[in-house]
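Peer 1: this is a predicted model, with the sequence first.
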Amino acid sequence: MNNLKLDVADQIAVLTINRPGALNALNSETLDELNAALTEIEARDDVKVVILTGGPDKKDNPYKSFVAGADIAEMVNFSAAEARAFGMRAAEPFFKLMNMRQVTIAAVNGFALGGGCEIAMACDIRIAAENATFAQPETGLGIIPGFGGTQRLARLVGMGRAKELIFTCDNIDAAEAYRIGLVNKVVAKEELMDTAKKMASKIISKGSYAVSIAKAAINNGYDMDIKNAVEMEANLFGITCSTHDKTEGMTAFLERRAADLTDF
Ligand code: CO8
């Protein structure tokens, strides 16, 4: 892979977007590599959590940029059809981040602009370094967010705030992103990866099958009416009751000992 690095250790896959000359902007090649890497990860039993982050810039500053957007140099001459195809090319890996059975965490280590904010929003959880900057600058470029930003931002922070951010193109810092619910946590930049890995380890210590079913329940129910959503949840709850982990987890509680979860 030219623009992506994959490191797996302790059941955590760290995916680093690495285009130092373009502040990790997403071009077609990177989107395809991301899609291939996520397909591989989905099939791996030794990965329970994926952490997505940005590599250093060309001066080797690791906290400059998470992803500075979609690649403007690639998009500048797009026809309408090419632009649509580019959007759909991103939709596949972005939906993987959102729906894959493993938990996905964006560790936002600097600029998360345009497509950078959008890819972070496709992850389950966002942890930001204190120096991170978020924005949807697209309308200033004469376009709109096209990697799901008009949809996911409104779902995360509410329609009013999403409209303000998209219409004004304002940059917001990590503290403001936390205040409006765009990120889950803000930490000192030096602590970003440790914090993400600690959260990943905590998630891994739970029943991984139950976590993946809970993720599916939250995702699938979000756009359903509440009655059908709760029924869907009851059905999924029933499935978790057929697992070893349910028997072991509850028996261990009653016997006042630590549970030995096997992830199914
Ligand atoms: N695309 C391509 N190259 C980029 C991008 C980008 N998004 N961002 C930065 N770069 C490149 C610069 O061109 C520069 O390259 P070079 O060194 O060869 O001149 C290098 O990265 C370093 O950038 P700067 O010199 O500009 O660094 P600064 O520290 O001065 O500024 C900024 C950093 C503020 C991040 C600045 O680079 C910037 O404003 N970047 C663009 C941010 C932006 O507008 N992002 C949104 C892009 S649009 C988008 O994401 C749409 C998504 C949906 C598409 C859907 C299609 C269907």
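Peer 2: Okay, I see it.

Peer 1: and the closest residue to Phe264 other than its chain neighbours, what helix or strand is that in?
Peer 2: Closest residue to Phe264 apart from its sequence neighbours, by C-beta to C-beta, 6 or more residues apart in numbering: Tyr209 at 4.7 Å. The C-beta positions use only the backbone N, C-alpha and C, and glycine is treated the same way. If you go by DSSP states H and E, Tyr209 is part of helix 208-222.

Peer 1: which helix or strand lies directly C-terminal to that helix?
Peer 2: The helix or strand immediately downstream of helix 208-222 is helix 226-240, counting by DSSP H and E.

Peer 1: got the buried residues for the next helix-or-strand element following that next one?
Peer 2: Downstream of helix 226-240, the first helix or strand assigned by DSSP H and E is helix 244-254. The neighbour-count check on helix 244-254 (16 or more other C-beta atoms under 10 Å) flags Asp245, Lys246, Gly249 as buried.

Peer 1: repeat for stretch 169-178
Peer 2: Buried, per 16+ other C-beta under 10 Å, within stretch 169-178: Ile172, Ala174, Glu176, Ala177, Tyr178.

Peer 1: closest to the ligand out of these?
Peer 2: Ile172 (13.7 Å; C-beta to the nearest ligand atom).

Peer 1: is that closest one in a bridge, and if so with what?
Peer 2: Phe134 (DSSP bridges).

Peer 1: how near is it to Pro62?
Peer 2: 22 Å (C-beta to C-beta, to the nearest Å).

Peer 1: again with Ala259
Peer 2: 38 Å.

Peer 1: just the strands in the stretch 1-150 of the chain please.
Peer 2: 4-9, 12-17, 49-54, 65-67, 103-108, 111-113, 125-129, 133-135 (DSSP state E, counting those that start in this stretch).

Peer 1: nearest to Leu165, of these?
Peer 2: Nearest of those to Leu165, taken as C-beta to C-beta: strand 133-135 at 7.1 Å.

Peer 1: and the longest helix along the chain, what does it pack onto?
Peer 2: Among the elements of the chain assigned as helix by DSSP state H, the one spanning the most residues is helix 80-99. In this structure, helix 80-99 makes packing contacts with helix 28-42, helix 72-75, helix 115-122, helix 208-222, judged by 3 or more C-beta pairs under 8 Å, 6 or more residues apart in numbering; DSSP states H and E.

Peer 1: now do the contacts for the closest residue to Thr139 other than its chain neighbours.
Peer 2: Nearest non-adjacent residue to Thr139, counting by C-beta to C-beta, 6+ apart: Cys169, 5.9 Å away. Each residue near Cys169 by C-beta atoms under 8 Å, 6 or more residues apart in numbering is listed here: Ala135, Gln136, Pro137, Glu138, Thr139, Gly140.

Peer 1: wait, the second one sits on Glu164?
Peer 2: No: the pair Gln136 / Glu164 is not scored as a contact, 10.1 Å apart, by C-beta atoms under 8 Å.

Peer 1: between the two, who's got more neighbours?
Peer 2: More crowded of Gln136 and Glu164, by other C-beta atoms under 10 Å: Gln136, with 29 against 14.

Peer 1: any idea how far the spatially most central residue of the chain lies from Met232?
Peer 2: With distances taken as C-alpha atoms, centre = their mean, the residue of the chain nearest its centroid is Cys123 (1.6 Å). Counting by C-beta to C-beta, the gap from Cys123 to Met232 is 23 Å.

Peer 1: now for the residue lying closest to Ala229 once chain neighbours are set aside, how many residues are close by?
Peer 2: Excluding the flanking residues, the one nearest Ala229 by C-beta to C-beta, 6+ apart is Gly221, at 3.5 Å. Each residue near Gly221 was counted by other C-beta under 10 Å, and the total is 17.

Peer 1: I appreciate the help and will end here.
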